[in-house]
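Visitor: Give me a model of this one.
(one chain, ligands or ions: 2)
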Amino acid sequence: MKIVADENMPYVEELFAEFGQIEFVNGRTLTAEQVKDADVLLVRSVTKVNQALIDQATKLIFVGSATIGTDHIDVDYLQQRGIEFSNAPGCNATAVGEFAFIALLELAKRLGTQLKGKIVGIVGAGNTGTAAAKCFEAYGLQVLLCDPIKQAEGDSRLFVALDELIAKADVVSLHVPITKVGPHKTWYLFDGARLNTLKPNTWLINCCRGEVIDNHALIKMKQARNDIKVILDVWEGEPNPIADLVPLVEFATPHIAGYSLEGKARGTFMLYQTLCRILQQQATKSLVDLLPPFEFQQSLNTASLDESHLLKMCRLVFDLRDDDALFRQSFHTSAGFDLLRKQHTHRREFSALAVNSCIDNAFSASSDCIKMLWSLGYSQ
Ligand SMILES: NC(=O)C1=CN([C@@H]2O[C@H](COP(=O)(O)OP(=O)(O)OC[C@H]3O[C@@H](n4cnc5c(N)ncnc54)[C@H](O)[C@@H]3O)[C@@H](O)[C@H]2O)C=CC1
Ligand SMILES: O=C(O)C(=O)[C@H](O)COP(=O)(O)O
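Guide: Ligands and ions are numbered 1, 2, ... in the order given. Below you'll find the model as predicted:
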């Protein structure tokens, strides 16, 4: 069996070698010629899998994408051809949720203010939106959810309309898939008109897909209203963000919100499980065995954890300032954007770090901060 896999997908060797020969390829420049004799194709978000790419791949039985998003895959075409397809729903949701939380703590710090007390509006209450909400709620923030699709499906959570969310929220965090048609299409959901409805001093963060915001309109808005603060992990036209936008954005990263080691491992592992099912083979590998132990364990000996302490705790697993600085140095070329992603030092999720208290009294104030850290996702 021949497996063609993106060279930037970790753990492929460990999980797929037992099935046959693996050929690692550059996912961005992959050609029909390279996949024509593949039985299995493993891709990331940068590879467009469509008729043009796999027309000649007559042996192909499975296409797996180690991503949450599926906008790069022509799922209908795969279905017509009878080729099994699977993405990895939820694989990096925790990473995205923690990214949004940490990024907003960093922003508050940079602006000399606090995240505490803010109302956070989450647009798209699926896996990543829910993971973000979990962090904000663990920190005691009020969260508003907007998801008309889930609402119509009868999801029991409380939802608000987008206009109401924008009118009430101090922070707007975007977590929708990119869709171009239908009543809830998200392409340019935040166009110029909607951006102009953001209330004064809103913080806007996008870690879903760049085109959910009209980036040219965002430039205009930022030039007119610097009270609006923006964090972008995803960009219209990746891997070539609009150069004029970058200096206007408070934190800028190269589409790495989902890049925790755990998220990456889960993504590849889910594809491994699917291939085992297709081949009617027992899955013998384990996800936990893939992950290296984390270097630190943290004891807190403080009776209360203020926001700057919390940010220090977060930086132990992920220091977003490094990604922001590197991005500003080398986003100018598509090679630069992709290289930043390729060389990203995989961060860990909160769960990699075990925290406990040095203060023995279980009823001391410290027990509340420890509980908050555990609710955020840190291990006990
Ligand atoms: N920056 C990064 O590294 C990553 C980005 N992503 C992106 O984030 C997207 C969302 O991921 P998940 O939350 O896991 O997907 P999901 O499918 O679990 O949730 C998306 C939610 O958005 C809702 N939705 C769709 N249209 C909407 C609209 N117009 N208004 C409000 N809600 C709407 C859906 O009903 C659904 O509940 C992915 O499709 C992917 O494009 C995902 C992972 C990592
Ligand atoms: O899961 C998704 O959807 C994403 O956007 C990924 O985190 C992007 O990662 P790559 O597939 O481009 O490595």
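Visitor: Which elements pack onto the helix-or-strand element of the chain with minimal mean pLDDT?
Guide: Sorted by mean pLDDT, DSSP states H and E, the helices and strands of the chain end with strand 297-300, the least confident at a mean of 81. Using 3 or more CB pairs under 8 Å, 6 or more residues apart in numbering; DSSP states H and E as the contact test, the elements touching strand 297-300 are strand 354-357, helix 365-376. For the C-beta atoms, the positions are set from N, CA and C on the backbone; glycine is no exception.
Visitor: Put together CSV for those, with distance to residue 156, mean neighbour count and mean pLDDT on each row.
Guide: Formatted as CSV, these follow (distance: least, CB to CB, whole Å; neighbours: other CB atoms under 10 Å; pLDDT from 0 to 100):
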stretch, distance to residue 156, mean neighbour count, mean pLDDT
strand 354-357, 32, 17, 86
helix 365-376, 21, 17, 83
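Visitor: Out of those, flag the one nearest ligand 1.
Guide: Among these, the nearest to ligand 1 by CB to the nearest ligand atom is helix 365-376 (18.5 Å).
Visitor: ok, back up a step: among the helices and strands packed on strand 297-300, which is nearest residue 69?
Guide: For residue 69, the closest of the helices and strands packed on strand 297-300 is helix 365-376, at 25.1 Å, according to CB to CB.
Visitor: Between the helices and strands packed on strand 297-300, which one is closest to ligand 2.
Guide: Closest approach to ligand 2 among the helices and strands packed on strand 297-300 (CB to the nearest ligand atom): helix 365-376, 20.8 Å.
Visitor: With just CA atoms, put the closest one into CSV.
Guide: Only the C-alpha atoms of helix 365-376 are listed here, as CSV (Å, rounded to 0.1, in the frame of the first residue of the first chain):
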residue,chain,number,x,y,z
ALA,A,365,-8.1,31.3,49.0
SER,A,366,-5.5,29.3,47.1
SER,A,367,-7.8,26.4,46.7
ASP,A,368,-10.1,28.6,44.6
CYS,A,369,-7.2,29.5,42.2
ILE,A,370,-6.1,25.9,41.9
LYS,A,371,-9.7,24.9,41.1
MET,A,372,-9.9,27.7,38.5
LEU,A,373,-6.7,26.4,36.9
TRP,A,374,-8.1,22.8,36.9
SER,A,375,-11.3,24.1,35.3
LEU,A,376,-9.2,25.8,32.6
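Visitor: Turn the helices and strands packed on strand 297-300 into JSON lines, columns for distance to ligand 1.
Guide: Below are the helices and strands packed on strand 297-300 laid out as JSON lines (distance: least, CB to the nearest ligand atom, whole Å):
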{"stretch": "strand 354-357", "distance to ligand 1": "26"}
{"stretch": "helix 365-376", "distance to ligand 1": "19"}
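Visitor: Residue 34 and residue 371: what is the separation?
Guide: Counting by CB to CB, to the nearest Å, the gap from residue 34 to residue 371 is 51 Å.
Visitor: Can you get me the start-to-end distance on stretch 297-305?
Guide: 17 Å (CA to CA, to the nearest Å).
Visitor: cool, stretch 287-298 as well?
Guide: End residues of stretch 287-298 are separated by 24 Å (CA to CA).
Visitor: Tell me if I am right that residue 85 is in a strand.
Guide: Yes: secondary structure of residue 85 (DSSP: H, G, I helix; E, B strand; the rest coil): part of a strand.
Visitor: wouldn't it be in contact with residue 73 here?
Guide: Yes: the pair residue 85 / residue 73 is scored as a contact, 6.6 Å apart, by CB atoms under 8 Å.
Visitor: which neighbours do these two share?
Guide: 63, 65 (CB atoms under 8 Å, 6 or more residues apart in numbering).
Visitor: Where does the prediction get shaky in the protein?
Guide: Within the chain, the stretches with pLDDT under 70 are 302-303, 359-366.
Visitor: Ligand 2 contacts on the chain?
Guide: Contacts of the chain with ligand 2, taken as CB under 6 Å from any ligand atom, map to 44, 45, 46, 67, 68, 69, 92, 255, 258.
Visitor: Filter those down to the buried ones.
Guide: Neighbour-count burial (16 or more other CB atoms under 10 Å) applied to these gives 44, 45, 46, 67, 68, 69, 92, 255, 258.
Visitor: does residue 185 really touch residue 179, like I thought?
Guide: Yes: between residue 185 and residue 179 there is a contact at 4.9 Å, judged by CB under 8 Å.
Visitor: The residue of the stretch 1-150 of the chain found nearest ligand 1: neighbour count?
Guide: Residue nearest to ligand 1 within the stretch 1-150 of the chain: residue 126 (1.7 Å; CB to the nearest ligand atom). The number of residues packed near residue 126 is 19, by other CB atoms under 10 Å.
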